[in-house]
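*Asks:* no sequence on this one, just coordinates:
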C-alpha cells in the first residue's frame, strides 16, 4: 500500500502534523487586504485590494524618485557621483539631477577650504645635532575624485607621514648653523616642494598651499649652550655692522680730504707756475728797461727792494737828535701813514737795535 494513500501516515513528517502553507498564504492575503481596504481573496474584494497595493507601491516609488533624484552642491564644494559604487562624474556647484539611491550616491567634498595639519618632530641634522621642529602644513583638495578614491586615509596618516618625511629630508641635509641662521625661508620652500612631489607621486589630489616652521630650536637639555652660540653669532653680526657703518663713514671722508688736498696741490702748482712765468716776464722787462736807462732802473730797483725789506721791520722815530727815541708799532698803525712833519728824521734800525735803544742815545 502506498504511503500517501488516504489514512496512511507521512513517513517524512512522523506522527505530528506540519504547517499548512496554503493557510499561511491565506492569512497573509487577509492582512494585506485589511491594510489596503480589501482582501486578496476572490471576487471584487480581492481586485480592490490588489489595486490599492499597486497604487501604494507607485506612490512610494514616485516619492522616492522625487525626493532623491536631485542634489544641491554648495559654492565651496563639488559632488562626486558613484553609480553602484563606481565613480562616474563630478557635480559642479548648484542644483544637479541624479538617479535616486541606491542607484547613484553623491559624496560632497570641500575643495575651497584650506585644511591645516600641525605636528612636531625631533631629528638629527647633517652635522649630527638634535633639533626640535614644530611645523604646520596648509593644503587644499585639487581633485575630488583622486582625494576620495586613490589614497586611503589621505589626511591622517598619509599627509602627516609625508610632511614629516619631507621635513626630515630637508633638515637632515642641512647643518645646525644653517637651520638656526636666517635661511629658514629657503628650507621652508624646499620642504614644500618635496612634500608636493611626494603627494603627486601618490596621485592624492592634494595641493600644498603653505608650509611653516613655527619653532626651530634645540632640545631643552642643550638649550643654554645653543643660546650662547646664538648670542655670539648676533654679537659678531652687530660688530660687523658697526664696522661696516664706520667704513661707510670714514672712507667717503678720506676720499673727500684726498680730493681737497689734490685740488689744493693743483691750485698751488698753477699759482707757482703763473708766478714764475710772471717773474720771468718782469725780469725780461727790467732787462729791457735797464739797457735803455741803467742808472734810473738801478735806483728804482734799489728803492723798491728797500721798501720791500723795511716794510716788515720795526720803525724808530727820532726828532730830537738822539735825545728821545720813539718806537712806532707800525704793524698796528694804519699802513697809509707815509709822511712826517718838517724837521723830523727817520732812523731805520733792526728789531734788536730798536729794543736796546734808550732815550737820549746818539745816532
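*Replies:* Structure received. Computed from a prediction, not measured in an experiment: that's the story for all the values here. Numbering: from 1, shown residues only.
*Asks:* Could you list the buried residues of stretch 97-105?
*Replies:* Across stretch 97-105, burial judged by 16 or more other CB atoms under 10 Å covers 98, 104, 105. The C-beta positions use only the backbone N, C-alpha and C, and glycine is treated the same way.
*Asks:* And the residues you listed, which is closest to residue 224?
*Replies:* Nearest to residue 224 among those is residue 105, at 59.5 Å by CB to CB.
*Asks:* on that earlier part again, just the closest of the buried residues of stretch 97-105 to residue 190, please.
*Replies:* Using CB to CB, the buried residues of stretch 97-105 come closest to residue 190 at residue 105, 41.4 Å.
*Asks:* which SSE is that closest one in?
*Replies:* strand 104-110 (DSSP states H and E).
*Asks:* so what does that strand touch, helix or strand wise?
*Replies:* Here strand 104-110 touches strand 77-83, helix 144-149, going by 3 or more CB pairs under 8 Å, 6 or more residues apart in numbering; DSSP states H and E.
*Asks:* Kindly reformat the ones you listed as JSON lines and extend each row with mean neighbour count.
*Replies:* Listed next are these as JSON lines, based on neighbours: other CB atoms under 10 Å:
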{"stretch": "strand 77-83", "mean neighbour count": "19"}
{"stretch": "helix 144-149", "mean neighbour count": "18"}
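*Asks:* what does the model give residue 167 for pLDDT?
*Replies:* Looking at residue 167, its pLDDT reads 92.
*Asks:* So it sits against residue 188, correct?
*Replies:* No: applying CB atoms under 8 Å as the test, residue 167 and residue 188 come out as separate, 9.8 Å apart.
*Asks:* elements contacting the lengthiest helix in the chain?
*Replies:* Taking DSSP state H as the assignment, the helix of the chain that covers the most residues is helix 223-292. Where contact means 3+ CB pairs under 8 Å, 6+ apart, helix 223-292 is packed against helix 294-310.
*Asks:* how far off strand 77-83 does the strand holding residue 105 point, in degrees?
*Replies:* 160 degrees (axes from the mean of the first three to the mean of the last three CA atoms, to 10 degrees).
*Asks:* Pull out the buried positions in strand 104-110.
*Replies:* For strand 104-110, the neighbour count (16+ other CB under 10 Å) marks 104, 105, 106, 108, 109 as buried.
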